[in-house]
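Enquirer: Dropping the sequence and predicted coords here.
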Amino acid sequence: MIEIKENALFIADSHYPHHGDAFLELLQKLDSGTIQTRQLFLMGDNFDLLFGYNEFIQTFSHEAITLIQKLSQKIEIHYFEGNHDFCLEELFPSCHVYPREMQPVRFELAGKKVAISHGDKYATGFLYTLYCKALRNKITLNLLKPFEKSIITHRMQKLSSKQICFSFDGFEKRVAAILKHYTEADLVIEGHFHQARVVGKYISLPSLACQGKVGVVEEGTLVFKRL
Ligand SMILES: [Mn+2]
């Protein structure tokens, strides 16, 4: 099992490039050494829309993609694919890339068993799972190729005006449903919900786009911080 290191950084739900430049700026600071870490967790949906087998979609986030590729040569990067960014294994060959079906992934933090995933795995429903499978399929993505520019342009326009920050009514209930799948874990760390809340052993990471914060491991504990 991989140990979560002191000073590890968790960046979730930046929804770049539509919801601010915070993600790109953070990557630049990591590259220049202004911010330092040995271990980076990219928790999914840091890109508002990015998937593999597609050149056109990469043009929207070229600089950030290049920086992640460069950083992954120097530091350990764990990339949890989200519902907005997936099929990324070939794009980020030096990152540990975890597709949805591989999540949650077990880690260890100060002797605790930690389960990490983007956060859209459980308590979502059958149709969502089916949709995710189809959309993450190399064949589907290739079939859509002739229409890709118009589909992607349209999708990007829609996403750029989408409201993504909100407080989740009855979040505790959703957390309870998710935690049924985690009887063995001491700690569950997820993004996806943009809540920046801790509910029992469940940590809902801040969204970099909404709260402007990331998770940092300090003295064996995950804290939310503005960097
Ligand atoms: Mn998500």
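Expert: That came in fine, so what should we check first?
Enquirer: from here on, contacts and neighbour counts on C-alpha atoms
Expert: Fine.
Enquirer: Skip the chain neighbours and tell me the closest residue to Phe76.
Expert: Quick fix: residue 76 reads Glu, not Phe. Sequence neighbours aside, Gln39 is the residue nearest to Glu76 in space, at 4.8 Å (criterion: C-alpha to C-alpha, 6 or more residues apart in numbering).
Enquirer: I'd guessed the one you found sits against Tyr79; true?
Expert: No: counting by C-alpha atoms under 8 Å, Gln39 does not reach Tyr79; the two are 11.0 Å apart.
Enquirer: Per-residue pLDDT of Val223, please?
Expert: The model reports Val223 with a pLDDT of 98.
Enquirer: who's in contact with it?
Expert: Gly215, Val216, Val217 (C-alpha atoms under 8 Å, 6 or more residues apart in numbering).
Enquirer: higher neighbour count, Gln39 and Tyr79?
Expert: The residue with more neighbours, out of Gln39 and Tyr79, is Tyr79; 25 against 19, by other C-alpha atoms under 10 Å.
Enquirer: Just grab the bridge partners of that one for me.
Expert: Leu42, Val97 (DSSP bridges).
Enquirer: thought it was touching Met102?
Expert: No: in this structure, Tyr79 is not within contact of Met102 by C-alpha under 8 Å, at 11.5 Å.
Enquirer: how far away is Asp169 from Asn46?
Expert: 24 Å (C-alpha to C-alpha, to the nearest Å).
Enquirer: So between those two, which is more surrounded?
Expert: Ranked by neighbour count (other C-alpha under 10 Å), Asp169 and Asn46 place Asn46 first, with 28 against 8.
Enquirer: which residues does that one contact?
Expert: Taking C-alpha under 8 Å, 6+ apart as the test, what Asn46 contacts is Ile11, Ala12, Asp13, Ser14, His15, Tyr16, Phe23, Asp85.
Enquirer: so how many other residues sit close to the first one?
Expert: A total of 25 residues lie near Ile11 under the criterion other C-alpha under 10 Å.
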